Every structure is written in structure tokens, then in C-alpha cells.
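Q: Attaching a predicted model along with its sequence, questions to come.
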Amino acid sequence: MYARRKGKARSKRPQVAAVWVGYSPEEVEKLVVKLAKDGLQAALIGLVLRDQYGIPLVKPVTKKTISQILTENQMRPKIPEDMFNLLKKAVKLHAHLGLNKRDAHGKRGLELLESKIRRLTKYYVSTGRLPEGWTYKAETAKLIVEKGA
């Protein structure tokens, strides 16, 4: 029933298209757009559709991913969701290190996190998801997170 991964019990992903889903592709797309207008990120939209509407996966029903649906409706965020979450984490860690200057483990964690952000930035610039010349800076990250992208 549950897949074990890194010591955590998680539900398994459905192997085939769920034939019990009582929604048409158009209805699912409207739900995705409605949830995006409510301010939810793509991952949270998937969770809400699964838990509240009984739609285990969007792609088998609509033949499109949540990101593709958001792109078609011009609702895709300017900064990708995973990048935005890493920026939020970096801003929180900067604030923590401002108060706790001797936290060596925190400093190392920030170095690793910023390295991950820079690698992800190179990828997104090369694929066109971020504009050419976009670079990570702690000050701009704070502004982006405060603004909410």
C-alpha cells in the first residue's frame, strides 16, 4: 500500500489512468486555473486536486501537465516554483545568520543552498525559463520573496 523511501511512508503513484475520475478534461483544466487564481503553486494544485477532488494525476485526464495548463492560460509564474522555494529558504537562512553569526553549520548550509540556486539558474537560463543574464543575489532574492513573484 505504501512505498518506503528514505524511511518515510508515502502513497504510491497510480500506474494507469484513473478510470474512476468523474471529471472531463475541460473541468479539470478549469479547476487548475481556479486554484492558480487563488494563489496556489503547481505542486499544491496537484495536492488539492488529489485530496479534495479525487483526481490522482492531471496528465492522464487532460493529456497536459499542470504547468502546461498554466502556460496556456498565461498564469505561469515568472520564476519557477522550485527556484522560488529555494530563494525563500535562502532568505530565511540569511535572516537567521544575521541573528546567529557564529552558526557555522548554518553558514555551510547557506553556501550549499546558494550553490544549488546558481546551478539551477544556469539550467533555467539555458532553457529560457529565466531571462538571459539573470543572476542570484541575496538582496534581489529578498525582494523577489517579499513581492511573492
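A: Yep, that arrived.
Q: so what's L86 up against?
A: By Cβ atoms under 8 Å, 6 or more residues apart in numbering, L86 lies in contact with L113, K116, I117, L120. Every residue, glycine included, has its C-beta placed from N, CA and C.
Q: Can you give me the buried ones in the one helix or strand it maps to?
A: Counting by DSSP states H and E, the element that carries L86 is helix 81-99. Within helix 81-99, the residues scored as buried using 16 or more other Cβ atoms under 10 Å are M83, F84, L86, L87, K88, K89, A90, V91, L93, H94.
Q: Would you pull up how far the biggest helix by length in the chain lies from the middle of the chain?
A: Of all segments of type helix in the chain, defined using DSSP state H, the longest is helix 104-127. Mean-position distance between helix 104-127 and its chain equals 16 Å (Cα atoms, centre = their mean, to the nearest Å).
Q: which residues sit against that helix?
A: Residues from elsewhere that reach helix 104-127 (Cβ under 8 Å, 6+ apart): 80, 82-83, 86-87, 89-90, 93-94, 96-97, 100, 130-136, 141.
Q: Check the average confidence over the helix or strand that it is followed by, would you?
A: Going down the chain from helix 104-127, the next helix or strand is helix 138-147, by DSSP H and E. The average of the pLDDT scores along helix 138-147 is 94.
Q: ok, the residue nearest to the spatial centre of the chain to E26 distance?
A: Most central in the chain under Cα atoms, centre = their mean is E81, positioned 3.3 Å from the mean C-alpha point. Distance, E81 to E26, by Cβ to Cβ, to the nearest Å: 24 Å.
Q: okay, now the domains of this structure?
A: 2-72, 81-147 (automatic domain parsing).
Q: Would you mind listing the outside residues contacting stretch 133-149?
A: For stretch 133-149, contacts defined as Cβ under 8 Å, 6+ apart pick out 77-79, 84, 87-88, 90-91, 94, 114, 117-118, 121, 124-125.
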